[in-house]
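[1] Let's see this in three dimensions:
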Amino acid sequence: MNKKYKSVNAIRVLAADSVQKANSGHPGLPLGAAAMTYELWANHMNHNPADPKWENRDRFVLSGGHGSALLYSLLHLFGYGLTKEDLMQFRQKDSLTPGHPEYGHTAGVEATTGPLGAGMGMAVGMAMAEAHLSAVFNKPEYPVVDHYTYALGGDGCMMEGISSEAFSLAGTLGLSKLIVLYDSNKICIEGSTDIVFTENVQKRMEAFGFQTLTVEDGNDLEAIGKAIEEARSDKLRPSFITVKTQIGYGCPGKQGKASAHGEPLGAEHVEALKENLEWESKEPFFVPQAVYDHYKELAEQGAEAQKAWNELYENYCTAYPDMKALWDQYHDQDAAKSVLEDESFWAYEDKPQATRNLSGIMINRLKKVLPGLVGGAADLAPSTKTYMQDMGDFAKDSYRGRNIHFGVRELAMAAIGNGLALHGGLRAYVSTFFVFSDYVKPMARLSALMKLPVTYVFTHDSIGVGEDGPTHEPIEQLAMLRAMPGFNVFRPADAVETAAAWYYAATAKDCPTALVLTRQNLPQLEGSGKEALKGGYTLQDCVGKTPDAILIASGSEVCLAAGAAKVLKDRGINVRVVSMPCMDIFEKQSEEYKESVLPKEVRRRVVVEALSDFGWGKYVGLDGDYVTMDGFGASAPAELLFEKFGFTVEHVVETVENLM
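    All right, here's what the predicted structure looks like:
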């Protein structure tokens, strides 16, 4: 057996042993896809295990994250820092080898993948980031941004709708440095894919605008390498390589069977695998030194590639010092902090305005401070007000543009936003109507898991949508997003609070942020200020007196609460008005601060919010009440709906009085 195929089999043996020792996992994909990943990583990908964050490395996304044992075996063999002991701790508590790859947890993992197809969408985002940055920075003789994005997925990834959404856009944009490896083994958990998946995948990808290639034998390294090089040579289209494999390859009793997918092979089958592969030892996790030496040589080639790039970049900086300054600005995560004391950023016209309009103003102020700010909408930019003036459109013939047209593809849009952020050098935002956050949620959850500072702009935030009716009027969506760990949700009430929300989003380093914004105009509020950065604060108070009651509100209902407080004061009831634009950030404040805003002794509390009351209980307590939505909306002008559902000064006043 030659050195290359022995190195391929090392991947298989380590993956099988990892799953067997854990008595949990998915050996089928690693056994079938070992050859294609070896060929890719060994002979085509530019990567340096000594520096997993090298800016110009090629990216590899394992979209079929259940096959994590494949990725961990590669990372171990190439020398990314995963030890044999780490492989032995596969899927165990606090290990570096969790069940699915986790970004930021294990060196060399480019994205957290688990939900099938998600990695495909994120890979498209990475390829878009490379295209934009290369258009901005590259100069003749100085291709300082010049790398590929590779994604590996299987039948499940292709069945999920997100892959079609993402690849449709990738083809439209002509992302020629995106190369997808399709592990086509025709097996799903329930059996043959013939029971659920008989479409011509290649024809679909061709229709999307991809170059399509096929490798008939997934163990033919030469054919795989030829296909990858052919993909790289196409400068007009992304490429899709179908590699026909057998799930569980090499294991006589499991090869080609659905049972190889998601359960350990069994000790006797692991032994049979090693015999069939003519492995030198039955000892678990054994790899011959000659194989380790071969992988070390390959890793050294990657180090040489980075060394050459470092020299290129150094010469580039000397030749173009202005571009070096711009590069640093793109990569400065603290750039937006300068607007905290910039009065022009916080300035506003004292007139009623929709917070979606105010958000649009903030985006266009931030674009000057953050040259790496890119984003757009799911075909809704005129409504979500997320277009950056004079910044151009990201398109097939002009990747320099900073406005991205995602089309009506919310799920892929959010995944692409993650990919843009994962790539580095850019700060991404995405937008749609708030009710369609249901389509966004799975990828927003991955944003939170990966601690990515992606900004989600959601507009048309309540029954204020009006005539479009209950299909377009969010009710439970705010509670859904607030329930997500590590995900900050702002619902600002006026210009200052909207500026605070954008400041927080633009300076965040380890969490995504959602801005939930109105369609209808809101007044600028007396008492609002930068204290909104604390998530919740006293907007108006009864000076020198302990409040008889506290009104807590967010967004469009803060002005309603303020109006009710005025009426109650005239009736001898002293009310504090608390604006709560972001519960998540309020919860991070000191206990002393939270007590100063919501003193425990004041038990009469009323929440006013034109959405579900779910999640407010910890602030309202047993003695409080709600002016919220407990059903779906209706179709009528917004002002009539607010009246119909009780969002009036009179009803808020009555609710407080009933507590007295």
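[2] which residues does the closest residue in space to H261 that isn't next to it in sequence contact?
    Closest residue to H261 apart from its sequence neighbours, by C-beta to C-beta, 6 or more residues apart in numbering: G28 at 4.4 Å. Every residue, glycine included, has its C-beta placed from N, CA and C. With contact taken as C-beta atoms under 8 Å, 6 or more residues apart in numbering, G28 is in contact with G67, N185, I187, I247, G248, K254, A260, H261, G262.
[3] Run through the helices of the stretch 201-350 of the chain in chain order.
    201-208, 221-233, 267-276, 289-319, 321-330, 343-346 (DSSP state H, counting those that start in this stretch).
[4] Can you pull the poorly scored residue ranges out of this protein?
    1 (pLDDT under 70).
[5] 50 instead, please
    Along the chain, no part satisfies pLDDT under 50.
[6] Pull the distance from stretch 518-529 to the chain's centre.
    Relative to the centre of its chain, stretch 518-529 is centred 30 Å away, using C-alpha atoms, centre = their mean, to the nearest Å.
[7] Relative to M36, how far out is Q477?
    To M36, Q477 is 41 Å away according to C-beta to C-beta, to the nearest Å.
[8] Would you mind measuring from A267 to Q20?
    For A267, the distance to Q20 equals 7 Å [C-beta to C-beta].
[9] higher neighbour count, those two?
    Q20 (20 against 10; other C-beta atoms under 10 Å).
[10] what sits against that one?
    Contacts here follow C-beta under 8 Å, 6+ apart; on that basis Q20 touches P27, P264, L265, G266, A267, V270, P284.
[11] on that earlier part again, for the helices of the stretch 201-350 of the chain, please prepare a markdown table with the additional fields distance to K588.
    Shown next, in a markdown table, are the helices of the stretch 201-350 of the chain (distance: least, C-beta to C-beta, whole Å):
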| stretch | distance to K588 |
| --- | --- |
| helix 201-208 | 43 |
| helix 221-233 | 47 |
| helix 267-276 | 48 |
| helix 289-319 | 39 |
| helix 321-330 | 29 |
| helix 343-346 | 22 |
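[12] For R445, which of those helices is the nearest?
    helix 201-208 (26.2 Å; C-beta to C-beta).
[13] Give me the distance from that closest one to the chain's centre.
    So, by C-alpha atoms, centre = their mean, the centroid of helix 201-208 is 26 Å from its chain's centroid.
[14] go on, stretch 62-74?
    Remark: stretch 62-74 is offset 19 Å from the chain centroid, using C-alpha atoms, centre = their mean.
[15] Make 4 the first number, not 1, from now on.
    Sounds good: first residue 4 from here, last item stretch 65-77.
[16] List the buried residues in that stretch.
    Of all the residues in stretch 65-77, those buried under the rule 16 or more other C-beta atoms under 10 Å are 65-77.
[17] For V372, state which of the residues you listed is nearest.
    Nearest to V372, judged by C-beta to C-beta, of the buried residues of stretch 65-77 is S66 at 34.6 Å.
[18] Am I right that that closest one is in contact with M129?
    No: the pair S66 / M129 is not scored as a contact, 12.0 Å apart, by C-beta atoms under 8 Å.
[19] residues touching the closest residue to A417 other than its chain neighbours, list them.
    Here the nearest residue to A417 in space, its sequence neighbours aside, is M446; by C-beta to C-beta, 6+ apart that works out to 3.4 Å. By C-beta under 8 Å, 6+ apart, the residues touching M446 are A121, G124, I165, L414, A417, A418, G420, N421.
[20] need these in a markdown table with distance to V492 and secondary structure, can you?
    A markdown table is the format used below for these (distance: C-beta to C-beta, whole Å; DSSP: H, G, I helix; E, B strand; the rest coil):
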| residue | distance to V492 | secondary structure |
| --- | --- | --- |
| A121 | 21 | helix |
| G124 | 22 | helix |
| I165 | 23 | helix |
| L414 | 19 | helix |
| A417 | 15 | helix |
| A418 | 20 | helix |
| G420 | 16 | helix |
| N421 | 18 | helix |
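[21] correct me, but D587 touches P488?
    No: D587 is beyond contact range of P488, at 9.2 Å (criterion: C-beta under 8 Å).
[22] Looking at those two, which is more packed in?
    D587 (19 against 9).
[23] so what's that one up against?
    Applying C-beta under 8 Å, 6+ apart, the residues contacting D587 are R485, F490, N491, V492, G538.
[24] Select from those residues the one having the most neighbours.
    Ranked by neighbours (other C-beta under 10 Å), the contacts of D587 are led by V492, which has 28 neighbours.
[25] and the gap between that residue and M583?
    11 Å.
[26] ok, now G265?
    For G265, the distance to M583 equals 44 Å [C-beta to C-beta].
[27] picking that back up, could you pick out the buried ones from the contacts of Q23?
    Burial by neighbour count, 16+ other C-beta under 10 Å: within those this picks out P30, P267, L268, V273, P287.
[28] all strands of the stretch 154-303 of the chain, in order?
    181-187, 190-191, 194-195, 214-218, 242-247 (DSSP state E, counting those that start in this stretch).
[29] if you compare the ones you listed, which one is most tucked away?
    strand 181-187 (a mean of 27; mean count of other C-beta atoms under 10 Å).
[30] quick revisit: now distance to P526 too, for the contacts of G31, in a markdown table please.
    Below are the contacts of G31 laid out as a markdown table (distance: C-beta to C-beta, whole Å):
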| residue | distance to P526 |
| --- | --- |
| G70 | 55 |
| N188 | 61 |
| I190 | 61 |
| I250 | 62 |
| G251 | 65 |
| K257 | 68 |
| A263 | 64 |
| H264 | 58 |
| G265 | 57 |
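[31] And those, which of them are buried?
    Buried among the contacts of G31 by 16+ other C-beta under 10 Å: G70, N188, I190, I250, G251, K257, A263, H264.
[32] Just give me the closest of those to I553.
    G70 (52.7 Å).
[33] and E612, that's in a strand?
    Yes: E612 sits within a strand when classified using DSSP: H, G, I helix; E, B strand; the rest coil.
[34] Could you measure from it over to R485?
    E612 is 11 Å from R485, by C-beta to C-beta.
[35] just to revisit the earlier point, show me which of the contacts of Q23 is closest to F436.
    P30 (43.3 Å).
[36] so what strands line up beside the helix or strand hosting F461?
    In the assignment (DSSP states H and E), F461 maps to strand 458-462. In the sheet, strand 458-462 lines up against strand 430-436 (parallel), strand 516-519 (parallel) (DSSP bridges).
[37] Including distance to A504 and mean neighbour count, could these go into TSV?
    As requested, the strands paired with strand 458-462 are exported to TSV (distance: least, C-beta to C-beta, whole Å; neighbours: other C-beta atoms under 10 Å):
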stretch	distance to A504	mean neighbour count
strand 430-436	12	28
strand 516-519	5	28
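[38] which of the residues in stretch 47-56 are buried?
    Within stretch 47-56, the residues that qualify as buried are H47, M48, N49, H50, N51, P52, P55, counting by 16+ other C-beta under 10 Å.
[39] Quick one: distance of that stretch to the chain centre.
    That offset, for stretch 47-56, works out to 23 Å (C-alpha atoms, centre = their mean).
[40] what does stretch 454-474 give?
    For stretch 454-474, the distance to the chain centre is 18 Å (C-alpha atoms, centre = their mean).
[41] hmm, back to that, now the contacts of M446 as CSV including neighbour count and distance to A114?
    Output for those, formatted as CSV (neighbours: other C-beta atoms under 10 Å; distance: C-beta to C-beta, whole Å):
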residue, neighbour count, distance to A114
A121, 31, 8
G124, 34, 10
I165, 26, 13
L414, 23, 16
A417, 33, 13
A418, 33, 9
G420, 32, 12
N421, 29, 7
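[42] Let me know the closest of those to F617.
    When these are compared against F617 (criterion: C-beta to C-beta), the nearest one is A417, at 22.7 Å.
[43] which residues touch that closest one?
    Applying C-beta under 8 Å, 6+ apart, the residues contacting A417 are G124, V433, V443, P445, M446, A447, S450, V457, Y459.
[44] 6 Å - rerun?
    In this structure, A417 makes contact with V433, V443, M446, A447, judged by C-beta atoms under 6 Å, 6 or more residues apart in numbering.
[45] with the residues you listed in mind, which one is nearest to N141?
    For those, the nearest to N141 is V433 (26.1 Å; C-beta to C-beta).
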